[in-house]
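K.L.:
Provided below for reference: sequence and predicted model.
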Amino acid sequence: MEAVICTKYGSPDVLRLETVTRPIPKPNEVLIKIHATSVTASDCIIRGFKLSRWSPMGFMMGLMIGFTKPRNPILGMVLAGDIEAVGENVQRFKPGDSVYGSTFKPNQIRFGAYAEYIALAENGFIAPKPSNVSYEVAAAIPYGVNIALHFLRQGGIQRGQQVLIYGASGAIGTAAVQLASRHFGAQVTGVCSTRNLDLVKSLGANHVIDYTDENFRDHLERYDFVLDAVGKSKSSKLKEQAHGALKPNGKYISIDDGRPGEKLENLVLLKELVEAGHFNPVIDRCYPLQQMAEAHRYVETGHKKGNVVITIP
Ligand SMILES: NC(=O)c1ccc[n+]([C@@H]2O[C@H](COP(=O)([O-])OP(=O)(O)OC[C@H]3O[C@@H](n4cnc5c(N)ncnc54)[C@H](OP(=O)(O)O)[C@@H]3O)[C@@H](O)[C@H]2O)c1
């Protein structure tokens, strides 16, 4: 099968398309023909190992994925595809089922989605794919949604509360805006740059604020919950002010505060929301598997809108 291989950490040029052995599913595993995966901001951090090996996060990451080179040379953590074959003990799936999800195992980071096929445990983070969307759309769901749902739940937001999503145009931000407004019923203010204002409004934000606007203070209100969806490495004057724009019992959470575990029930919930038309993942660009390095270069700019998807016919 064809797969994109990363045998050392570095720039996008370390990614190479190669022919490798197709995996054989164990008795409790399913073999999935992957039709689409996505390139996330996290994929770029991993490919470049952009964390100090001596920071707590960097040390943890090194232990999990390898200090000097990726232990599994095939990166990629989300997928949508079809079950090609099943091991003899598998009960949840049968050949021909369309699925979507993540390569992770409980409490374990695991990759391998930049390939035509992958073998995954049937009790991993895979679930039936929403029936009304393409594989490309399905592959754009698991990453942003899983992280956004985790932090929105931590915020404990209630229907009608005022919520500000800082960084509303990325993979996590576009998921957070839609979930906060349409699923949790909050009054959402989305913060993004000028070119993304219409996009964020279209996702259900009641108000939008441009973080490049000098007069942003005029637009800030008081919030029950502020979610920083771009992380601690990106900032602006508006983000600094957002800390002070909380109601007395308001909460501020950064997306970099903790690592959410994958939850199978999130995939099941999202299937329902997508099929009911209440959630539409945002796709910025699609690239074929052969152009993985280009896709990484684009994601690494830090200015994508929503998700970047890789198609694998
Ligand atoms: N806790 C975890 O386990 C976990 C996991 C994954 C990621 N993260 C964190 O989440 C962050 C976001 O991930 P993502 O995949 O959503 O990123 P992403 O899709 O790459 O985000 C890109 C978006 O960020 C916006 N942006 C860039 N600089 C900004 C700034 N200074 N202020 C406001 N918006 C800005 C860009 O909008 P413009 O082009 O309009 O500027 C762009 O639309 C990551 O960088 C990482 O720190 C945490």
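P.N.:
Ah, there it is. Numbering: from 1, shown residues only.
K.L.:
Ramachandran angles for the closest residue to Pro23 other than its chain neighbours?
P.N.:
Closest residue to Pro23 in three dimensions, ignoring its sequence neighbours and counting by Cβ to Cβ, 6 or more residues apart in numbering: Ala119, at 4.0 Å. Bear in mind the C-beta positions are built from the backbone N, C-alpha and C, glycine included. Main-chain dihedrals, Ala119, degrees, to the nearest 10: phi -100, psi 130.
K.L.:
Going toward the C-terminus from the longest strand seen in the chain, what's the next helix or strand?
P.N.:
If you go by DSSP state E, the chain has its longest strand at strand 29-39. Per DSSP states H and E, strand 29-39 leads on to helix 41-48 as the next helix or strand towards the C-terminus.
K.L.:
So what's the residue count around the residue in the stretch 201-313 of the chain that the ligand sits nearest to?
P.N.:
Per Cβ to the nearest ligand atom, Gly231 is where the stretch 201-313 of the chain lies closest to the ligand, at 2.3 Å. Residues contacting Gly231 under the criterion other Cβ atoms under 10 Å number 16.
K.L.:
Thr301 too?
P.N.:
8.
K.L.:
Ok, Val226 next?
P.N.:
The burial count for Val226: 25, using other Cβ under 10 Å.
K.L.:
just Ile253 next, same as before
P.N.:
17.
K.L.:
With just CA atoms, put the one helix or strand it maps to into PDB.
P.N.:
For Ile253, the host element (DSSP H and E) is strand 246-254. Output of strand 246-254 as PDB, limited to C-alpha atoms (Å, rounded to 0.1, in the frame of the first residue of the first chain):
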ATOM      1  CA  LEU A 246     -15.400  37.800  32.700                       C
ATOM      2  CA  LYS A 247     -18.500  38.000  34.900                       C
ATOM      3  CA  PRO A 248     -17.800  37.600  38.600                       C
ATOM      4  CA  ASN A 249     -18.100  33.800  38.500                       C
ATOM      5  CA  GLY A 250     -16.900  33.500  34.900                       C
ATOM      6  CA  LYS A 251     -14.300  31.000  33.700                       C
ATOM      7  CA  TYR A 252     -11.300  31.300  31.300                       C
ATOM      8  CA  ILE A 253      -9.800  28.200  29.800                       C
ATOM      9  CA  SER A 254      -6.900  27.900  27.400                       C
END
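K.L.:
What residues sit buried inside it?
P.N.:
Residues 246, 250-254 are the ones in strand 246-254 that count as buried (16 or more other Cβ atoms under 10 Å).
K.L.:
quick one: the residue lying closest to Val230 once chain neighbours are set aside and Arg47, what's the gap?
P.N.:
The shortest distance from Val230 to any non-neighbouring residue, by Cβ to Cβ, 6+ apart, is to Gly167 (3.1 Å). Gly167 sits 22 Å away from Arg47, taking Cβ to Cβ, to the nearest Å as the criterion.
K.L.:
swap in Gly204?
P.N.:
33 Å.
K.L.:
Tell me which of these two has more neighbours.
P.N.:
Arg47 (24 against 18).
K.L.:
quick one: contacts for that one?
P.N.:
Arg47 makes contact with 6, 9-10, 12, 14-15, 75, 296, according to Cβ atoms under 8 Å, 6 or more residues apart in numbering.
K.L.:
Now with 6 Å, please.
P.N.:
Taking Cβ atoms under 6 Å, 6 or more residues apart in numbering as the contact definition, Arg47 lies against Cys6.
K.L.:
likewise Gly87?
P.N.:
Taking Cβ under 6 Å, 6+ apart as the criterion, Gly87 is in contact with 25-29.
K.L.:
excluding its backbone neighbours, what's nearest it?
P.N.:
Leaving out its chain neighbours, the residue that sits closest to Gly87 by Cβ to Cβ, 6+ apart is Pro27, at 4.1 Å.
K.L.:
Tell me, how many residues neighbour that neighbour?
P.N.:
The local packing of Pro27 (other Cβ under 10 Å) involves 10 other residues.
K.L.:
ditto for Glu221
P.N.:
With other Cβ under 10 Å as criterion, Glu221 counts 12.
K.L.:
Same question for Lys304.
P.N.:
For Lys304, the count of nearby residues is 21 (other Cβ under 10 Å).
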